[in-house]
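Student: Structure for this input, please:
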Amino acid sequence: MSTIEKAMGKLAKQAQAKQEGSEQPEAAESNQAAASSVPSTEKREKPVLQIDSAVLKRLGMLSDIRSRETRMLSDEYRSIKRKLIKNAFEPGLIPKNKSNLIMVTSANPGEGKTFTSINLALSLALEKDKTVLLIDSDVLKPTVSKTLGIGQHMGLMEYLLGETDDIADVIYHTNIPNLRIMPAGMPHHLSNELLASDKMRSLTEELNSRYSDRVVLFDSPPVLGVNETVVLSNFIGQAVVVVEQDGTKLAAIRSAVSQFSDELAIGYVLNKAVHGKTGTYGYGYGYGYGYEEERSA
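Tutor: Down below sits the predicted model:
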């Protein structure tokens, strides 16, 4: 090979190397662009909801079970939850596919169902081997988040509307061990219809199968005047009906519970009960629980 041929070959190799070097950044940019076009599968980070014990104390709720002020309240809710837990987890009492699903409702608004829901959830959260999920399913007038001061977050409505397919996206941990909360979410003009939808039925079935060792409390709309509450009750194993002492009429209670299925275990919590000789309101609440033998009695 002549000297000229060798020189020409060397120049050709240098040109090729230079061309390859200039193409590498383009390839890197292309790969980077391709990577950035792939949808991220990273989950949205959810906040831990902070429940202020001072707020609970100001509202007369179970803020501190060691306090003398709430000891009577704590003891009475402990008695109520024992009946709920027995029905939920002892075999044969209620159909297993929904025994741990409990709705808290009342005949009419303003009888204390949300107060009862939150206190039951706080009491159940003290159990060492159980967790409790409190769902704000009073979707027209949600009050759980407002009462607890935890702000507004994505919740039940977003799940029922299909904005997320993973139920875990709308279940939030709290600063209280064993207590989880599913907020109501954003209001929607079909809120009540969604509450009675097949998607809601599927939600209750998934809650039972996926979290079978968990107590699930639904703070539900009042029964009278809200047909969807009765439909929701068909997806649930137990109902706690809150009755306001000297406020709820017996006819209203009978009218409400007569709409429930005979398979539903119904209990009653007497709210705003008067204690003591002075006739003042105490922290304690009367209660009763069990199946109704005759709904019309």
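Student: all strands for the stretch 101-250 of the chain, in order.
Tutor: 101-106, 131-136, 172-173, 179-182, 214-219, 238-244 (DSSP state E, counting those that start in this stretch).
Student: Out of those strands, which one sits most buried?
Tutor: strand 101-106 (a mean of 28; mean count of other Cβ atoms under 10 Å). Yep, even glycine has a C-beta here, placed from its N, CA and C like the rest.
Student: quick one: strands adjacent to that one?
Tutor: Strand 101-106 sits in its sheet next to strand 214-219 (parallel), strand 238-244 (parallel), going by DSSP bridges.
Student: Just put those in TSV and tack on mean pLDDT and distance to residue 50.
Tutor: Listed next are these as TSV, based on pLDDT from 0 to 100; distance: least, Cβ to Cβ, whole Å:
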stretch	mean pLDDT	distance to residue 50
strand 214-219	97	19
strand 238-244	93	27
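Student: Identify whichever of those strands lies nearest to residue 47.
Tutor: Across these, residue 47 has its closest neighbour in strand 214-219 (20.5 Å, Cβ to Cβ).
Student: Is there a neighbour count for the closest residue to residue 151 other than its chain neighbours? I'd like the number.
Tutor: Spatially, and ignoring its direct neighbours in sequence, residue 151 is nearest to residue 145 (6.7 Å; Cβ to Cβ, 6 or more residues apart in numbering). By other Cβ atoms under 10 Å, the residues close to residue 145 number 18.
Student: which residues does residue 145 contact?
Tutor: 136, 151, 152, 153, 181, 183, 184 (Cβ atoms under 8 Å, 6 or more residues apart in numbering).
Student: what do you get for residue 111?
Tutor: Residue 111 makes contacts with 222, 242, 243, 244, 247, 248, 271, as judged by Cβ under 8 Å, 6+ apart.
Student: let's see it at 6 Å
Tutor: Counting by Cβ atoms under 6 Å, 6 or more residues apart in numbering, residue 111 makes contact with 242, 244, 248.
Student: Look up how far residue 248 lies from residue 242.
Tutor: With distances taken as Cβ to Cβ, to the nearest Å, residue 242 is found 8 Å from residue 248.
Student: one step back: out of the strands paired with strand 101-106, which comes closest to residue 95?
Tutor: strand 238-244 (10.7 Å).
Student: quick one on the thing from earlier: can the strands paired with strand 101-106 go into CSV with extra columns for distance to residue 88?
Tutor: Shown next, in CSV, are those (distance: least, Cβ to Cβ, whole Å):
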stretch, distance to residue 88
strand 214-219, 6
strand 238-244, 7
